[in-house]
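Q: sequence and predicted structure, then a few things I'm wondering about:
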Amino acid sequence: MKDFGEYHLCLKKHEKAGFFTKTKCVLRRLSMDDKDEALALHRTMAGGANHEIFVPGTDDNFLRILEEGVVLGIHDGKRVICMRTVIFEADDEGFLDEDMGLSPGQMGRVAFSDYCIVHGGYRGNNLQFLTYYHMEAFLWDDFDYLCTTVSPRNIVSLRNVLYCGFYAFQLKELYGGYMRYLLRKDLKDGSAVRTKRHECALLRDYRAQQDIMNRGKVGYRLVRSTSGIWMAFGALAKLEV
């Protein structure tokens, strides 16, 4: 895998009493040398986590990702303020090929985007987008597919991953009984979604969404209306070049 390098950023940092400042930050791949600062952010976010939205791993699980996977981090000179994690073997790989249409031969070209966490003082800088696209470029040569999971109640993260080009293939219980979308992005095969004959279902109507996805359609966009937030579904297709 190629080297990642360093990228310098100037980010907005929220201060007390409604002020914000601009702070110089660095985006780079974290290593075990960063484990103390990385664990501090992980523990801060895990401590108040609503498991309906985010189920944090243990410290040991995070250190395994840091050592065996990839963690992109943003540092503000004092602490790690954002992390995006990627693993190459999901804890339960069975759901990937079972529910996302991947053959055993394709599984070796899959990376799993685990989660992205951002310190509260730096939210609003679009760091989920920024770290995702840097991660995609970093993984491009070695992988053909990216997969992830998102809670239907985590609207911000769900909208972000759909904007990044992921499709929702399934909605089921994971992580000890919490509902999650299973999403996949095909990096190189040119798949497209037919939007003219799409169907929609309310995010809170899990059964209706499952029925649509069981008929082969994928969720690709969120639509807000007076009745709530809806997922739009379309059929995957191949475009003739």
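A: Structure received.

Q: where does this protein have low pLDDT?
A: 90-101, 190, 239-241 (pLDDT under 70).

Q: which stretches of it form helices?
A: Secondary structure of the chain (DSSP state H): helices at 35-47, 59-68, 94-100, 104-107, 127-139, 155-163, 206-214.

Q: flag every buried residue along the first one.
A: By 16 or more other CB atoms under 10 Å, the buried positions in helix 35-47 come out as 35, 37, 38, 39, 41, 42, 45, 46. Every C-beta, even on glycine, is put in place using the N, C-alpha and C of the backbone.

Q: tell me the contacts of the closest residue to the fifth one other than its chain neighbours?
A: Ranked by CB to CB, 6 or more residues apart in numbering and with sequence neighbours excluded, the top spatial neighbour of residue 41 is residue 80, at 5.0 Å. Contact analysis of residue 80 by CB atoms under 8 Å, 6 or more residues apart in numbering lists 30, 34, 37, 38, 40, 41, 73, 74.

Q: I'd like to know how far residue 80 sits from residue 6.
A: From residue 80 across to residue 6, the span is 14 Å (CB to CB, to the nearest Å).

Q: now the nearest residue in space to residue 114 that is not next to it in sequence, which residues is it bridged with?
A: Nearest residue to residue 114 in three dimensions, chain neighbours excluded: residue 85, at 4.2 Å (CB to CB, 6+ apart). On the basis of DSSP bridges, residue 85 is bridged to residue 71, residue 115.

Q: surely residue 85 touches residue 64?
A: No. Contact criterion CB atoms under 8 Å: residue 85 and residue 64 do not qualify, at 10.4 Å.

Q: comparing the two, which residue is more hemmed in?
A: residue 85 (24 against 13; other CB atoms under 10 Å).

Q: outline the domain layout of this protein.
A: 6-189, 191-241 (automatic domain parsing).

Q: check those domains for me and report the most buried one.
A: Among the domains of the chain, ranked by average contacts under mean count of other CB atoms under 10 Å, first place goes to domain 6-189 (a mean of 16).

Q: start to end distance for it?
A: Counting by CA to CA, to the nearest Å, you get 30 Å between the two ends of domain 6-189.
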